[in-house]
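# dropping a prediction and its sequence here:
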Amino acid sequence: MSSKKNVDVLDLCSSWISHLPNDGVSLGRVVGVGMNEAELKANQQLTEYYTQDLNKQPDLSQFDDESFDVVCNVVSVDYLTQPLDIFKEVHRVLRPGGVSLVSFSNRCFPTKAVAMWLQADDIG
């Protein structure tokens, strides 16, 4: 990851909270992309946000190449209908040596999750 002092973060499928540390890391720009403007506005860790449905618009064209040190998607990847397009965009906006963090959960909203996630169990 970058050796710069402040870490710039893109939080995909962001909401009212970003699961970022409050200590030990000096955060620079923290940008959220999510679907609910009221929740994004309530997120105190974000320095800016964009309201966007990544299933209808699976691009991050509002960001320049190599804009972020970290891109995270916390327990929401199972709701993306075009994850490959999003992952290509993540690769584009990450700085050299940057990190993409994707976390998963076995809890979901079945009415929103993509079918492949609903057909699998915790073993695979």
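In hand now; what should we look at? These numbers were taken from a predicted model, which means no experiment stands behind them.
# and the helices in this protein?
Taking DSSP state H, the helices of the chain run over residues 37-42, 83-93, 115-118.
# my guess is Phe104 contacts Val74, does it?
No. Using C-beta atoms under 8 Å as the test, Phe104 is too far from Val74 to be in contact (9.4 Å). To be clear about C-beta, it is placed using only N, CA and C from the backbone, and glycine gets the same treatment.
# what lies in contact with the longest strand along the chain?
The residue-count maximum for a strand in the chain (DSSP state E) belongs to strand 94-103. The contact list for strand 94-103 (C-beta atoms under 8 Å, 6 or more residues apart in numbering) reads 1-2, 8, 19, 66-75, 77, 87, 90-91.
# pick out whichever of Phe104 and Val74 has more residues nearby.
Using other C-beta atoms under 10 Å as the criterion, Phe104 and Val74 rank with Val74 on top: 19 against 13.
# how near is Asn36 to Ser67?
Distance of Asn36 to Ser67, given as C-beta to C-beta, to the nearest Å: 23 Å.
# now do stretch 69-84, average pLDDT.
Here stretch 69-84 scores 87 as its mean pLDDT.
# between the two ends of that stretch, how far is it?
In stretch 69-84, first residue to last residue: 20 Å (C-alpha to C-alpha, to the nearest Å).
# low-confidence bits of this protein, can you list those?
1-4, 105-124 (pLDDT under 70).
# again, 80 this time
Across the chain, residues meeting the criterion (pLDDT under 80) sit at 1-4, 22-24, 75, 78-79, 104-124.
# which stretches of it form strands?
Under DSSP E, the chain gives strands at 7-12, 27-34, 48-51, 68-74, 94-103.
# quick one: buried residues of the second one?
It refers to strand 27-34. In terms of neighbour count (16 or more other C-beta atoms under 10 Å), strand 27-34 has its buried residues at Leu27, Val30, Val31, Gly32, Val33, Gly34.
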